[in-house]
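Participant: no sequence on hand, only this structure:
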């Protein structure tokens, strides 16, 4: 059985949380593609988030990105064709992002999310299936739908 592959990306504000999520996923046997950053030194997040989103498309997997709030990071990721990135702050957000929106990326806020909650949200996000049906009809109405 092939390991599930997950793309990670962060800026300096999310570095600590990304590392906690990364350790959690490695502990579950996941194959991690880490698009950076690799330290707490200040960096601009847009190139990293674009790289992570493009890797999600390239590998056909899911991705998790982290910033200070997760807002700008999600905005950048959502500019990449084929990406549906949801900023998640609760378990319900993570579940609905997958169940109703077929999100292939989630964005977390390193300055506002405790690592235990983040890891729980990641687990819910990765384990929840897309319901399809009426939700698929709605996704096809997105301006850049590629379904």
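Facilitator: Ah, there it is. Model, not experiment: these values are computed from the prediction. Numbering: from 1, shown residues only.

Participant: mind giving me the packing neighbours of the longest helix seen in the chain?
Facilitator: Longest helix in the chain, counting residues (DSSP state H): helix 45-59. Of the remaining helices and strands, those touching helix 45-59 by 3 or more C-beta pairs under 8 Å, 6 or more residues apart in numbering; DSSP states H and E are strand 5-10, strand 62-67, helix 71-77, strand 105-109. To be clear about C-beta, it is placed using only N, CA and C from the backbone, and glycine gets the same treatment.

Participant: packing partners of the third one?
Facilitator: Read that as helix 71-77. helix 45-59, strand 62-67, strand 85-87, strand 105-109.

Participant: and the longest one, what's its mean pLDDT?
Facilitator: Taken as a whole, helix 45-59 carries a mean pLDDT of 98.

Participant: now that helix: buried residues?
Facilitator: Of the residues in helix 45-59, 45, 48, 49, 50, 52, 53, 54, 55, 56, 57 count as buried by neighbour count, 16 or more other C-beta atoms under 10 Å.

Participant: now distance to residue 16 too, for those, in JSON lines please.
Facilitator: Converted to JSON lines, the buried residues of helix 45-59 look like this (distance: C-beta to C-beta, whole Å):
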{"residue": "45", "distance to residue 16": "15"}
{"residue": "48", "distance to residue 16": "15"}
{"residue": "49", "distance to residue 16": "17"}
{"residue": "50", "distance to residue 16": "22"}
{"residue": "52", "distance to residue 16": "17"}
{"residue": "53", "distance to residue 16": "22"}
{"residue": "54", "distance to residue 16": "24"}
{"residue": "55", "distance to residue 16": "21"}
{"residue": "56", "distance to residue 16": "22"}
{"residue": "57", "distance to residue 16": "27"}
